[in-house]
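In: Sequence first, predicted coordinates after that:
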Amino acid sequence: MADRVHVIGHPLIQHKLTLMRKKDTSTASFRRLLAEISQLLAYEITRDMPTQLVEIETPLMKMQAPVLAGKKIVLVSVLRAGNGLLDGMLQILPSARVGHVGLYRDPETLEAVEYYFKVPKEMQDRDVVVVDPMLATGHSAIAAVSRVKETGPRAIKFACLLAAPEGIANFTEAHPDVDIYTPAIDERLNDHGYILPGLGDAGDRIYGTV
């Protein structure tokens with residue numbers, strides 16, 4: 001399934017990710033860097049979106065020009081940390097529809113437990129990007145994508161800031177038809193299911209609740 005995993009190695013993304021990893025990076029800086037990386041990720045994720053020609057009129061003449069084809073894209077945030085990626089992506093996809101999946105990780109089993117789910121109506125024929133900063137064990141991402149699949153979208157992609165090999169293996173086994181976009185695949189998980197070397201708990205660092 002290696003062809004389904006896209007590591008975005010753009011120098012700007014890698015530079016900003018390094019700054020985010022540093023333990024002394026402030027909450028404000030962490031949040032700003034995440035928004036900037038999110039915009040760059042959105043650019044890469046939407047690279048293959050279909051377009052269609054429409055007739056417009058420039059100040060000089062009429063022409064056929066490309067616009068995005070089909071219904072508006074849907075960005076689905078896995079609460080709460082996913083909102084950090086969502087906010088940045090909305091800066092360059094301002095007309096995107098937005099959905100939310102509320103999940104928490106059971107501390108004993110590390111399995112995802114759902115407490116909230118709301119997406120736009122008429123998901124059919126829409127392209128969906130599910131966003132969550134960390135693909136660690138993969139349980140939350142798997143659960144979120146499974147719920148989104150029930151709504152019948154045209155296509156689903158998953159975007160994260162960091163991924164662990166264990167999470168990628170679990171996710172691709174559960175959803176072999178969904179592409180993963182990430183700037184980095186780290187070494188491994190620790191005994192508590194956190195990514196190493198990682199950057200700590202993304203939600204805590206976004207919202208200053210460390």
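Out: Right, received. Where do you want to start? Numbering: from 1, shown residues only.
In: Can you list the buried residues in the longest helix along the chain?
Out: For the chain, the helix with the greatest residue count under DSSP state H is helix 27-45. Of the residues in helix 27-45, 30-42, 45 count as buried by neighbour count, 16 or more other Cβ atoms under 10 Å. Glycine gets a C-beta too; all of them are placed from N, C-alpha and C.
In: Can you give the contact residues for it?
Out: Contacts to helix 27-45, defined as Cβ atoms under 8 Å, 6 or more residues apart in numbering, come from residues 6, 8, 10, 12-13, 16-17, 19-20, 25, 84-89, 91-93, 129, 131, 133, 157, 159, 161, 181, 183, 205-208.
In: The helix or strand following it: how far from the chain's middle?
Out: Remark: after helix 27-45, the chain's next helix or strand is strand 51-57, criterion DSSP states H and E. Taking Cα atoms, centre = their mean, to the nearest Å, one finds the center of strand 51-57 at 29 Å from the center of the full chain.
In: ok, strand 51-57: who's next to it in the sheet?
Out: According to DSSP bridges, strand 51-57 forms sheet pairs with strand 62-68 (antiparallel).
In: Now do the helix or strand following the partner strand and helix 27-45, the angle between them.
Out: Counting by DSSP H and E, the next helix or strand C-terminal to strand 62-68 is strand 74-79. Here strand 74-79 runs at an angle of 140 degrees relative to helix 27-45 (axes from the mean of the first three to the mean of the last three Cα atoms, to 10 degrees).
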